[in-house]
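# Got a sequence here, can you build the structure:
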Amino acid sequence: MNLSPVVIAIPMYFILMAIEMIALRFQKHPGYRINDAITNINCGVVSQVTGVFIKVLSIGIYVLIYENLAVYHIPNNVWTFLLLFFLYDFCYYWAHRKSHEINLFWGGHVVHHSSEEYNLSVALRQSSTQTIWTFFFYFPLALLGFDPVMLILASGINLLYQFWIHTEAIDRMGFLEKFMNTPSHHRVHHGRNPKYIDKNHAGTFIIFDKWFGTFKEEEEKPIYGITTPVKSWNPVWVNLAHYANMKEELKMIPNWSDRVKYLFYKPGWLPDYLGGYRAPKEVEADFQKFDTVVPPSLNWYVFAQYIFVLVLTGLFLFKVDSFTWLPKVLVTALIIWTTVSFSGVFEKRNWYLPQEVLRILAFSGVVFFLIQSLLPLPIIVGALSAYSLASFFWLWKNQQLKSQIHSISL
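Got it, this is the predicted structure:
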């Protein structure tokens, strides 16, 4: 059973998002777009299911250092945990800061900044590769002798804290602004305005930014997103877009020393003979957020399907330790496929319909494989058949509507 605070808190995430939606409606704030919000959550889903494999490496190395190289095994109690939490946030500050200041590491963090909205769903827009570039920042804690279990707990609580600060529903918070990270401080961090870029890297305690010169007070409302918008609802492409761009730019650089500099210098750096550093520019006055419009029936279709996928994802993450490698790989592949399929619906790709039919069949098959021993066979077959037929009918009705609209437009 997975007792990670992040996994346990999944239902609370959605309750808080619902509360935020209500609060924003009272404030007459648009707040959410379904395509953006589902893409945010999709990135988080993909991050969590791929993390099942990646975190084995990062936690495993931490445990090896703790068991073999620690100068002292620190006892577990309330006071040592509070110290660990503070030191963890210090390490997080530097891991986060370097994820902004090193081009290769930015490839693992840019995912989180790529939404052009700012709401609680953005907190779930996490990268699948960031752990690769940041897990070693926490090794000093292993050398000091902090228990790996306590590290996982501190990491989870730190991440949970950062969830609620991704909102525009809360303004300034008075005295707390002096030493804690708050929605106001973190809005600055997500701004693509030049004066806001690479500011306020803290997880929990904003004092680290104030100590190390990266603090910026919120002034005018930030424009959210990244300087080169990814313009896609596909979470896999959102995770890969920066690396793909790096690959193309590396081809332009003729010598290896400059290629290494390109990897480890700031995002935007190029050698002088290719134009030099490309500093962030002010946001254009006519800037438009990336958006696509599909019929409401398709939005509701994705929303309904998404409930089933989230249930499967939650059960998978909660029970992941009881699965063998085959179901782990099958469920992970299915969930990633599903998130890509939904992006095809939102982006009106020609391939979305046939592969969505295949995905529904695959979804039913994997669910049957996972729960065949838990319920009577007639109930499972009946429920999955009803799910598949209802999904096919919904897709067919949408195609009928699409054909009618196309005929009228002609």
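# CA atoms for contacts and neighbours, from now on please.
Fine.
# Identify all contacting residues around stretch 31-42.
21, 24-25, 115, 117-119, 121-126, 233-235, 299, 339, 343, 346 (C-alpha atoms under 8 Å, 6 or more residues apart in numbering).
# Tell me which residues touch Ile207, please.
Lys178, Phe179, Met180.
# Among those, the buried ones, what's the PyMOL command?
Applying 16 or more other C-alpha atoms under 10 Å to the contacts of Ile207, the buried members can be selected in PyMOL as follows:
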select buried, resi 180
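# Please, where are all the helices along the stretch 51-200 of the chain?
78-101, 103-113, 120-123, 130-134, 139-144, 148-164, 183-189 (DSSP state H, counting those that start in this stretch).
# Please identify which of the ones you listed is closest to Ile360.
Among those, helix 120-123 comes nearest to Ile360, with 25.4 Å by C-alpha to C-alpha.
# could the contacts of Ile207 be laid out in JSON lines, adding pLDDT and distance to Ile206?
Compiled in JSON lines, these are given as follows (pLDDT from 0 to 100; distance: C-alpha to C-alpha, whole Å):
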{"residue": "Lys178", "pLDDT": "97", "distance to Ile206": "7"}
{"residue": "Phe179", "pLDDT": "97", "distance to Ile206": "5"}
{"residue": "Met180", "pLDDT": "98", "distance to Ile206": "5"}
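# can you redo the contacts of Ile207 as a markdown table with distance to Phe81?
Formatted as a markdown table, the contacts of Ile207 follow (distance: C-alpha to C-alpha, whole Å):
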| residue | distance to Phe81 |
| --- | --- |
| Lys178 | 23 |
| Phe179 | 19 |
| Met180 | 18 |
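# mind checking which of the helices of the stretch 51-200 of the chain is nearest Asn68?
Closest to Asn68 of the helices of the stretch 51-200 of the chain, according to C-alpha to C-alpha: helix 139-144, at 9.0 Å.
# Report all helices and strands that that closest one contacts.
helix 34-69, helix 78-101 (3 or more C-alpha pairs under 8 Å, 6 or more residues apart in numbering; DSSP states H and E).
# Now that helix: average pLDDT?
Helix 139-144 carries an average pLDDT of 98.
# CA atoms of it as PDB?
Below are the C-alpha coordinates for helix 139-144, written out as PDB (Å, rounded to 0.1, in the frame of the first residue of the first chain):
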ATOM      1  CA  PHE A 139      22.100  13.500  -0.900                       C
ATOM      2  CA  PRO A 140      23.700  15.800   1.800                       C
ATOM      3  CA  LEU A 141      20.700  14.900   3.900                       C
ATOM      4  CA  ALA A 142      21.600  11.200   3.600                       C
ATOM      5  CA  LEU A 143      25.200  12.000   4.500                       C
ATOM      6  CA  LEU A 144      24.000  13.800   7.600                       C
END
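# I would like the residues contacting that helix, please.
62-63, 65-66, 69-74, 84, 87-88, 148.
# related to what we said a few turns ago, between the helices of the stretch 51-200 of the chain, which gets nearest to Ala383?
Per C-alpha to C-alpha, nearest to Ala383 of the helices of the stretch 51-200 of the chain: helix 120-123, 30.3 Å.
# if I've got this straight, Lys28 is in a strand?
No. Looking at Lys28 with DSSP: H, G, I helix; E, B strand; the rest coil, it is coil, so not inside a strand.
# ok, back up a step: any of the contacts of stretch 31-42 buried? List them.
Members of the contacts of stretch 31-42 classed as buried by 16+ other C-alpha under 10 Å are 21, 24, 115, 117-119, 121-126, 233-235, 299, 339, 343, 346.
# returning to that earlier point: looking at the helices and strands packed on helix 139-144, which is nearest to Asn158?
Smallest distance to Asn158 across the helices and strands packed on helix 139-144 (C-alpha to C-alpha): 7.4 Å, for helix 78-101.
# Which positions in the closest one come out as buried?
Here helix 78-101 shows 81, 84-101 as buried, counting by 16+ other C-alpha under 10 Å.
# Which elements pack onto that helix?
helix 103-113, helix 130-134, helix 139-144, helix 148-164.
# winner for burial among these?
helix 103-113 (a mean of 24; mean count of other C-alpha atoms under 10 Å).
# Can you give the distance of it from its chain's centre?
Distance, stretch centre to chain centre, for helix 103-113: 11 Å (C-alpha atoms, centre = their mean, to the nearest Å).
# what sits up against that helix?
43, 98-100, 122-123, 125-134, 190, 224-226, 238-240, 242-243, 262-268.
# ok, now stretch 63-80?
Phe139, Ala142, Leu143, Leu144, Gly145, Phe146, Asp147, Pro148, Met150.
# Export it to CSV, keeping only CA atoms.
Provided in CSV are the C-alpha atoms of stretch 63-80 (Å, rounded to 0.1, in the frame of the first residue of the first chain):
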residue,chain,number,x,y,z
VAL,A,63,19.2,4.7,1.0
LEU,A,64,22.6,3.4,-0.1
ILE,A,65,24.3,6.6,1.0
TYR,A,66,22.3,6.6,4.2
GLU,A,67,23.2,3.0,5.1
ASN,A,68,26.9,3.2,4.0
LEU,A,69,28.2,6.7,4.2
ALA,A,70,26.1,8.6,6.8
VAL,A,71,28.2,10.2,9.5
TYR,A,72,25.5,9.6,12.0
HIS,A,73,22.0,8.0,12.0
ILE,A,74,19.8,10.8,13.3
PRO,A,75,17.0,9.5,15.6
ASN,A,76,13.4,10.1,14.4
ASN,A,77,11.4,12.5,16.6
VAL,A,78,9.4,15.7,16.2
TRP,A,79,12.4,18.0,16.5
THR,A,80,14.6,16.2,14.1
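# Domains in the chain, by residue range?
5-212, 296-409 (automatic domain parsing).
# Any buried residues in the strand or helix carrying Ile307, and which?
Using DSSP states H and E, Ile307 falls within helix 296-318. When burial is assessed from 16+ other C-alpha under 10 Å, helix 296-318 yields the following buried residues: 298-299, 301-303, 306, 309-310, 312-314, 316-318.
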